[in-house]
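Chemist: quick one, structure for this:
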Amino acid sequence: MSHGSVDHGANVAYGAHLTNDENPSHPFNSQIKWEVARWAKLCRATSTAFSDLLSIDGVSEHLGLSFKNANELNKIIDYELPTGHPKFKQEQVIVAGESFNVYYRNILECIKSLYGDPNFARYLTFAPEHHYTDKDQTVCLFHDMYTGKWWWNTQKKLDQHCLGGTIIPIIISTDKTQVTMFRNKSAYPVYLTIGNIPKKICRKPLHGGHILLAYLPTTHLKQITNKASCCRSLANLYHACLSRVLAPLQHAGLEGINMHSGDGTLRRCHPLFASFVGDYPEQLLATGLKFGDCPKCDVKKDDMESNMVPLHLRKIGEVLDALVALDQGNLAFVRACATVGIKPVIHPFWEKLPFTNIFQSVTPDGLVKHLLAWLEAACGATEIDAHCRWLPPNHHIQLFTKGITTLSRVSGTEHAQICCFLLSIIIDIHLPNNLNTGRLLQAVRGLLDFVYLAQYPCHTTETLQLLDKALDLFHENKLIFVDLGIQNNLNLLKLHAAHHYPLMIMLFGSTDNYNTEYTERLHINLAKDAYHATNHKDEFAQMMHWLKQKEKILTKFISLEKLTTDYRATHFRDALACYIAQQSQGNDSAPLRGHTLDVLAHDIHFPFHRLPVFHKVKWCSVDAHGHGNACITLDSVHAKPQCKFGSRLIARRSDTALVRLGANSKDLREFRVGQVQVIFTLPPKSIPLLFPPTIRLPTHLAYVEWFTLFSPAPDRNSGIYKVSRSLRGGDTMASIVSIADIERSVHLIPRFGVMAQREWTSDTVLEDCDSFWLNSYIDRYTLSMFR
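Modeler: Residues are numbered from 1 along each chain as shown. Sure, this is the predicted structure:
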C-alpha cells in the first residue's frame, strides 16, 4: 500500500538541480524537448502513436530527444519530475461480504497543495467580507463564497471554540457519469476544491483549482436479491468510503492545522465541509433521504407545487440524535431513522464533521428537462423541430438541425443552448381547444427568467427579489400544463427546489460556486455585472470587461460590384457616399438628413474600385489579474459570402447585431438592430482625397441594413420585442456605421405564424421572413438589457 504524501525528496532534488544548472526545462536539456514531452502528455496522443512518430527515421535525432519512445518518456516523468499532488493510496471496504477497492488521496495534503500553490497566492481569501453596491450599505452583493452568510456564521461558531482560525471551506463534487475503469472494475470520481480560491479560477479545470480526491467503487450488489437490502448496502458502501476519505477533517476542522499559503504566510487553518455538489440521485445518497423527498427541507410531497408553503430546513440535530440510536440495536436504529425521515445509513460521512449541516450543504439542481417535455406535449414535436431547423445562425446559438425533441441524454450545456431560443420558437404556436397561449408563454417566460437570473455570477438583494418575481410569474400561469392534460399536478421536486435558490445564494454566493458542471470544461459567460455598482476596491478576481472589436480573419480586397452581388450589399455605394458626406462635415456637426444629404452624397466619387473586406468581428475577453486565457471569444458577428469548401457549398452568412445610435447605453431608444452585410476599411491612400485632414475616422466600418426601432414596450405575454425590416419607398434602409458602434450580436427569431413556411431554411430565413422576435435569451447580458 502506498502512502498519500507528496514526494518531497523528488521536489528537493528537482529544485537543487535547477539551482545548480539554471535549466528550467530539466530533466530535458532544452525548451523544445520539454514542449514535445508536454504535447505527448497533454494533447491526447496515444502512446502507440507517439512511439510510431519517434520511430520515423530522423525525427528523434533531428529534435535531439533523449527518449526514443513513449516508455522512455514515461520513465523520465515518473522518476525525474517532482510531484505536485499527493499520491493515491488504496484501501478495501467490505460490504455484504464483498470487498471493494477505494482509491483516494490524503485530503489534508490535497488541501495543502491547493492552499499552498504559489499560483493562487495573491488570489486567496482568508476571511468573510460584506460587499455592498451603495454607500449606505443597504444592498448586499453575493458572488464568491467569502461574501456568503455561511462563512460569516461558521466563523462566529469557530471563534467561540477557537478564536482567530482561518476557515478553509471544503467543496466536494461527485459525478457518476464520469466513470473510470480500473482493472475491470468501475469507479466514479470525487473532486475537491476550496472556497478560498476565487470561483473564476475554479471554473477552469486547466488552472488546477480542483484536485481529483478519490475514486469510489460502484456496484449493483447483484448477489443481494432483496431490493431494500441492496439499496441500504449500496448507501452504506458509499458512506463508508467517503467517511474513510474525509475522516482527517474531523480533528483538523475543529482544532486546526498550521498551513503555509503560497506566499509563505503561516496560519492556523480549519478545513470545514461547506458544500456538496451533485445531481438529485447523489444528493439523496449523501443525505440518506428517500426518492421524492426534498434533500433540503421537510416539505410534504403534496405541497411541493405551492409557492406559499413556508420552507424549513431539516433539523440536523434531530437527525444526529437518531443516528446515535445505532448503539441500541438495529430495530431501534431503523425506527429512529424513520421518525426523522432518513434511511438507516450506518455512520454517514458527515456525522462527525464539525459545524456541518448536510441539508444546508447540498445545492439545488436544474429544472429545464421538465419544461422541454411539457412544450413538446403542448405544441407538437413536428412543429417545434421545424422551428428549430429554420433559426438563423448566431455566435451564441447552437443550431439543432434535426430538432430538439429527438435528443437523448441531453447534457446541461445542451439544455442551456436550447434555453437560448425556446420561448421565441413557441410564440406563434396555437394550443389545442383554443386555450390561452398567453398563459403558456408567461409560464415559460417565468421559468426561463428564473434560470437566467439564477446563473448571474454576482447577485444583489435586488436580483434575489427578481428571482422570486420570476418564479411567481410561473406559478400564476402554471395550471396551463394541467389544463392541457400534460400534468395531473405540479408536485415536482425540481420545481420545488427552485424556492431554495435565494437562500443558497445568500449562504454560499452565486451558483457558479457550486454548480454540477464544476468538473467539465467551462466557457466564459456574459452577465449583468452588478459588481460594477461597487467602489471597485474589493477583491473580485479575474474581472471581465469588453475590449475594442478585433477582427480575426485574413484581409481580402473585394470589388464594389462583388459587394453588391456576392455580399448582397444592394445600397452599398449610396450608403458609403452618405457616410462620407456626413463625416466630411466634422465629427461634432449635426446629422445631415433628407435632400441636403442626398445632394452632397451625389457629388461623392470613390477614388478606388476595391476595398479591404473582413468576414468576422470578434469581441474578446482579457484577464485583469493574469490567470486566465489570453484571448477568449465572447461574441462574434459574421458577414461573408457564399463559398466552396472542397466539393461542399458553404452558405452566405450575414449576422444581425445591436448598433448603438447614441451615448446612453441604458436606453433602448439609443439602439437599433441591423443586419451586417459587409465589414470593411477604407484604403489609406483614399482617405486624404475624401476627408479634410482634421476628421478622425474609425479604422473599421460596416454596411448594415436596418430593422425598425424598438417599440416602447415588449410583447405583454412573452416580454420579447418585435422588429421588422425598415423600408423607405419599398426599399431596404441601409447605412455605414463604425465597428465601434456595434454593441454585440443579436439573434432574431422569425414570426412563424400558425404554421411555419416549409420552404424557409436557416440560411435564408432572414431574407424570406419580414417580421421577427428579438431573442433576449441568448445570454444573461442580453436578458438583463431587454428586461
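Chemist: helix or strand with the lowest mean pLDDT in the protein?
Modeler: strand 550-551 (a mean of 26; mean pLDDT, DSSP states H and E).
Chemist: report the contact partners of the residue lying closest to Pro118 once chain neighbours are set aside.
Modeler: Taking CB to CB, 6 or more residues apart in numbering as the measure, Pro118 lies nearest to Gly262, with 4.0 Å between them; neighbours along the chain are not counted. No exception for glycine: its C-beta is placed from N, CA and C like everyone else's. Contacts here follow CB atoms under 8 Å, 6 or more residues apart in numbering; on that basis Gly262 touches Tyr115, Gly116, Asp117, Pro118, Asn119, Phe120, Ala121, Arg122, Leu124.
Chemist: correct me if wrong: the first one contacts Asp263.
Modeler: To tie it back to what came earlier, the one meant is Tyr115. No - under the contact definition of CB atoms under 8 Å, Tyr115 does not touch Asp263, with a separation of 11.1 Å.
Chemist: if you count surrounding residues, which of those two has more?
Modeler: Each of Tyr115 and Asp263 had its neighbours counted (other CB atoms under 10 Å), and the higher figure belongs to Tyr115 (23 against 11).
Chemist: which other helices and strands contact whichever strand or helix holds Ala49?
Modeler: Under the criterion of DSSP states H and E, Ala49 resides in helix 47-55. Packed against helix 47-55 by the contact rule (3 or more CB pairs under 8 Å, 6 or more residues apart in numbering; DSSP states H and E) you find helix 70-80.
Chemist: show me what the helix it packs on is packed up against.
Modeler: For helix 70-80, the contact count by 3+ CB pairs under 8 Å, 6+ apart identifies helix 31-42, helix 47-55 as packing neighbours.
Chemist: buried residues in the longest strand along the chain, which are they?
Modeler: If you go by DSSP state E, the chain has its longest strand at strand 266-277. Neighbour-count burial for strand 266-277 flags Arg267, Cys269, His270, Pro271, Leu272, Phe273, Ala274, Ser275, Phe276, Val277 (criterion: 16 or more other CB atoms under 10 Å).
Chemist: the last one contacts Val190, correct?
Modeler: No - in this structure, Val277 sits apart from Val190 without contact. The criterion is CB under 8 Å, and the distance is 10.5 Å.
Chemist: okay, and the common contacts of the two?
Modeler: Ile172, Ser173, Thr174.
Chemist: the helix or strand containing the first one pairs with which strands?
Modeler: In this case it means Ile172. Secondary-structure assignment from DSSP H and E places Ile172 in strand 166-174. Counting by DSSP bridges, the strands paired with strand 166-174 are strand 185-194 (antiparallel), strand 266-277 (parallel).
Chemist: lowest average pLDDT across those?
Modeler: If you rank the strands paired with strand 166-174 by mean pLDDT, strand 185-194 sits at the bottom with a mean of 73.
Chemist: next SSE downstream of that strand?
Modeler: helix 199-202.
Chemist: can I get the buried residues of strand 266-277 in TSV including distance to Phe450?
Modeler: Output for the buried residues of strand 266-277, formatted as TSV (distance: CB to CB, whole Å):
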residue	distance to Phe450
Arg267	40
Cys269	37
His270	36
Pro271	34
Leu272	31
Phe273	29
Ala274	25
Ser275	21
Phe276	23
Val277	20
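Chemist: what is the nearest of the residues you listed to Lys75?
Modeler: Each of the buried residues of strand 266-277 was checked against Lys75 using CB to CB; the closest is Pro271, at 35.6 Å.
Chemist: tell me which stretches of the stretch 1-150 of the chain form strands.
Modeler: In the stretch 1-150 of the chain, the strands defined using DSSP state E, counting those that start in this stretch lie at 89-95, 98-104, 131-132, 140-142.
Chemist: out of these, which is the most enclosed?
Modeler: Among the strands of the stretch 1-150 of the chain, the stretch with the highest mean neighbour count (mean count of other CB atoms under 10 Å) is strand 140-142, at a mean of 23.
Chemist: follow-up on the earlier one: dump the helices and strands packed on helix 70-80 into a markdown table; add distance to Leu701 as well.
Modeler: A markdown table is the format used below for these (distance: least, CB to CB, whole Å):
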| stretch | distance to Leu701 |
| --- | --- |
| helix 31-42 | 41 |
| helix 47-55 | 47 |
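Chemist: lowest average confidence across those, which one?
Modeler: In terms of average pLDDT, helix 31-42 trails the rest of the helices and strands packed on helix 70-80, at a mean of 76.
Chemist: who touches that one?
Modeler: Judged by CB under 8 Å, 6+ apart, the contacts made with helix 31-42 from elsewhere in the structure are 25, 28, 45, 50, 63-67, 70, 73, 76-77.
Chemist: quick one: the lengthiest helix in the chain to strand 89-95, angle?
Modeler: The residue-count maximum for a helix in the chain (DSSP state H) belongs to helix 227-246. Using axes from the mean of the first three to the mean of the last three CA atoms, to 10 degrees, the interaxial angle of helix 227-246 with respect to strand 89-95 works out to 150 degrees.
Chemist: what helices or strands is helix 227-246 leaning on?
Modeler: The criterion is 3+ CB pairs under 8 Å, 6+ apart, and the helices and strands that helix 227-246 contacts are strand 89-95, strand 98-104, strand 211-217.
Chemist: closest to Val334 out of these?
Modeler: Using CB to CB as the criterion, the shortest distance between Val334 and the helices and strands packed on helix 227-246 is 17.7 Å, found for strand 89-95.
Chemist: helices of the stretch 401-550 of the chain, start to end?
Modeler: Under the criterion DSSP state H, counting those that start in this stretch, the stretch 401-550 of the chain carries helices at the ranges 412-419, 437-454, 461-477, 480-483, 493-497, 501-508.
Chemist: ok so, going back, now the longest strand of the chain, how far from the centre of its chain.
Modeler: Taking CA atoms, centre = their mean, to the nearest Å, one finds strand 266-277 lying 25 Å from the centre of the chain it belongs to.
Chemist: output it as CSV - backbone C-alpha positions only.
Modeler: Included here for strand 266-277 are C-alpha records, laid out as CSV according to Å, rounded to 0.1, in the frame of the first residue of the first chain:
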residue,chain,number,x,y,z
LEU,A,266,1.7,30.7,8.2
ARG,A,267,-1.9,30.5,9.5
ARG,A,268,-3.8,28.2,11.7
CYS,A,269,-6.4,26.8,9.3
HIS,A,270,-9.6,24.9,9.9
PRO,A,271,-10.8,22.8,6.8
LEU,A,272,-14.6,22.6,7.2
PHE,A,273,-17.0,20.8,5.0
ALA,A,274,-19.1,23.5,3.3
SER,A,275,-20.8,22.3,0.1
PHE,A,276,-21.8,19.1,-1.6
VAL,A,277,-22.2,19.4,-5.4
